[in-house]
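[1] A predicted structure for the sequence below; I have some questions about it.
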Amino acid sequence: MANATALRSVNGAVTNSAVPANAFRHVHDELRYRTEDGPSFRDITEEVRAIVHRSGVGFGQVSVFSQHTTAAIILQEHEPLLLDDLRDRLIAFGPPETYYRHNDFEIRTVNMHENEPENGHSHVQHMMLGTSETIPVLSGELHIGEFQSIFLVELDESRNRRVSVTVLGVPGE
């Protein structure tokens, strides 16, 4: 078995030690979705769970990261009336009809694309959420609460989205 050098903490002191090369695992995958117009919630728990299972990590963590500034990742209960309430609060926080300098293409000069959408409200709504969640992996399973699900939250118009999933840890027994 090959060995690698790693830093280990022993009684508070960091030391170099040899560890088996296969003692630590890391797996990265990318999920791709076509979203509905936002605010919309897509439950991606089962896809993330499948990546964790394929990784062989028994104990560690999984990071779920949106590669977009107008699509978020959250942990929340998958209950339709609650999701309606959350949608309403996001719209109230960042109403689409409000004036946003980001949407004023007469004065904005940075990060412009052809067919740029007027999505200042989506960026403002994103402030209330987050770009990623880190979830413990215990005994090879997502360590989430009974009612928790992982959601990709679209805050803009329907579009193609990418979610980066990285699993880190040690193999299960």
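    Nice, thanks for sending it over.

[2] now what about the longest helix seen in the chain, what contacts it?
    When the chain is parsed with DSSP state H, its longest helix is helix 80-93. Outside helix 80-93, the residues that touch it by CB atoms under 8 Å, 6 or more residues apart in numbering are 39-41, 76, 124-125, 128, 155. Heads up, the C-betas are built off the backbone N, CA and C, glycines and all.

[3] how does it look with 10 Å?
    Applying CB atoms under 10 Å, 6 or more residues apart in numbering, the external contacts of helix 80-93 come out as 38-41, 43, 72, 74, 76-77, 79, 97, 121-122, 124-129, 147, 151, 153, 155.

[4] What are the buried residues along that helix?
    83, 86-87, 90-91 (16 or more other CB atoms under 10 Å).

[5] again, but for stretch 43-50
    Buried residues in stretch 43-50 (16+ other CB under 10 Å): 44-45, 47-48.

[6] Restricted to helices, list the residues you listed.
    Short answer: those in helices (DSSP H) are 45, 47-48.

[7] could these go into JSON lines alongside pLDDT?
    Supplementary listing: these in JSON lines, determined by pLDDT from 0 to 100:
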{"residue": "45", "pLDDT": "98"}
{"residue": "47", "pLDDT": "98"}
{"residue": "48", "pLDDT": "98"}
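
[8] ok, so of the residues you listed, who is nearest residue 30?
    Taking CB to CB as the measure, residue 30 lies nearest residue 47 of these, at 10.7 Å.

[9] Could you check how far the closest one is from residue 91?
    Separation of residue 47 from residue 91 (CB to CB, to the nearest Å): 27 Å.

[10] Who are the packing partners of the longest strand belonging to the chain?
    Secondary structure of the chain per DSSP state E: the longest strand is strand 160-171. On a contact count with 3 or more CB pairs under 10 Å, 6 or more residues apart in numbering; DSSP states H and E, strand 160-171 meets strand 25-34, helix 45-55, strand 57-66, strand 71-77, strand 132-138, strand 148-154.
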